[in-house]
Every structure is written in structure tokens, then in C-alpha cells.
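K.L.:
only geometry, no sequence info:
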């Protein structure tokens, strides 16, 4: 039994390649819906919820290594000896960690808007303090919206953005804090160059945190990796432009299957 709640989008063909999708901090796996349904004809697609998020129970003391192991457990539960994984932000960290911990299980990984290090304990202790202030996570939504979405996106008549922000506002604060602790302890900068599985790195053109330049630097450290920038997107390109992310992922995944 796996610790992380997850949803199987398409199981019509149990022999189809398995693709597991991981969300960003404070959101649910459903943020991948626009991408998942575009790929579900050719892949068994699973979206997962982080600990203490959505339908997943908390995992106090959880690490990124633990989360990578949980992804492997999900693949095991669905009978997949090998699988693909794509993740954004914290789940991008899971993607890179999977590439280090379980390369023999992976057909390929995609890491979106992420890095080998997320600033260390000081940064995340500050975030944890903010979550514990009056107003909690809901009070952080306005600043988060500016980081997550490109200018003008939330002014469009698209429900996906407000839904994702409401997910954050309603996330269990302690579950969110658990995952902040995982990011505080995460640092694979000294191992990133040893990744030796097919890897796609995707950046959002307007991402203020994991900038295109920082993602390109990551790409340059990992021999054989691929890199692309999603235009008119910030930290959550799969929400803003699911069609562009799906196209990039499909081309990458198909290449690994050929």
C-alpha cells in the first residue's frame, strides 16, 4: 500500500507505459489535469497528492528521498517495472532525486521549474513562520499568485488558476509545513552531474524563482539532458499552457519509447 493518494487517469490498456505526475507545494495532483488528459490515450497516467495535501495523509519528518521512494511504490502498486515521472517545483526535486535513487526503474523523467537546491533551512523556516501567522496559507495566496502565474493570466476567463490558488488556501497547514521541511533539507548540488537517465528540463519564461537561466545552468551540468522554455508562463506552466507542456512531454516520452 502506498502512502500517497493518487488517481489513475486511464487504465484502458494495462500494458501502456506508466506516467506519474507530481504537483507543486500547496496544490493537488489535479493541477496536471490539462496535460494528463492530453496524454491519456497513449499512457497510463497517474496524478499524485503530496503528504498532507489533497487526499494524502501527513508524513511528519518527510524528506525528498522519502517522496521519491513513495513514487516507486506507486509504480510497484500498478505493476510497472519501469515508468516515467514528471514533476514541478517540489515534485521536480522528486524527479531529480528519483533519477539518482532509482535510475534502473526510470524510462525518463521531466523536471519543471525546479532546482538542485531550494535555499536551505533559513528560507523555509521563514515560510513556516508565515504559515503559522494569523490568516495562515490563505494570507499567502496573493504573493503566491504573483510567483506562480505570468502577468495577465489570472485576468483571463480560465478557471484553472483560481482553482489551484484555492487548493493552496485550503491545504492542511501542518502538511504544508512538513513539505517545507523536506525542501529545507534538500540539496543535491554535489550529485546533480551524475544523473544518467533521459531527462527533460522545462522552465517557465516568467518564473521568478526557478528562472530560465537557472534551469539552463542545471541543464548544462547534466550531460545528455534536454531543455526548453515554455513562453508566457511562470512557475506553473502546466496550469497556464497545458497544451504546450503536453506537446513537449509527448515528444520527449515518445523519443524514449522509440
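P.N.:
That came through, no problem. These figures come from a predicted structure and were not determined experimentally.
K.L.:
quick one: the strands in the protein, in order.
P.N.:
Along the chain, counting by DSSP state E, strands occupy 6-8, 18-22, 44-48, 83-88, 106-112, 199-204, 226-230.
K.L.:
show me the contacts for the spatially closest residue to residue 27 that is not a sequence neighbour.
P.N.:
Nearest non-adjacent residue to residue 27, counting by C-beta to C-beta, 6 or more residues apart in numbering: residue 167, 4.9 Å away. The C-beta positions use only the backbone N, C-alpha and C, and glycine is treated the same way. By C-beta atoms under 8 Å, 6 or more residues apart in numbering, residue 167 lies in contact with 26-28, 30-31, 53-54.
K.L.:
number of residues surrounding the residue nearest to residue 16 when sequence neighbours are not counted?
P.N.:
The spatially closest residue to residue 16, leaving aside those adjacent along the chain, is residue 44, at 4.9 Å (C-beta to C-beta, 6+ apart). A total of 23 residues lie near residue 44 under the criterion other C-beta atoms under 10 Å.
K.L.:
do residue 121 as well
P.N.:
With other C-beta under 10 Å as criterion, residue 121 counts 13.
K.L.:
next one: stretch 109-125 to chain centre, how far?
P.N.:
11 Å (C-alpha atoms, centre = their mean, to the nearest Å).
K.L.:
may I see the buried residues of it?
P.N.:
The neighbour-count check on stretch 109-125 (16 or more other C-beta atoms under 10 Å) flags 109-116, 118, 124 as buried.
K.L.:
for stretch 237-250, same thing?
P.N.:
Residues of stretch 237-250 classed as buried by neighbour count (16+ other C-beta under 10 Å): 237-242, 244-246, 248-249.
K.L.:
cool, stretch 15-28 as well?
P.N.:
By neighbour count with 16+ other C-beta under 10 Å, stretch 15-28 contains the buried residues 16-28.
K.L.:
how far does that stretch stretch from one end to the other?
P.N.:
Stretch 15-28 has an end-to-end distance of 27 Å (criterion: C-alpha to C-alpha, to the nearest Å).
K.L.:
please enumerate the helices of the stretch 51-200 of the chain.
P.N.:
Using DSSP state H, counting those that start in this stretch, the helices of the stretch 51-200 of the chain run over 64-77, 90-101, 120-131, 136-148, 160-170, 173-185.
K.L.:
winner for burial among those helices?
P.N.:
The highest average neighbour count among these, using mean count of other C-beta atoms under 10 Å, belongs to helix 90-101 at a mean of 26.
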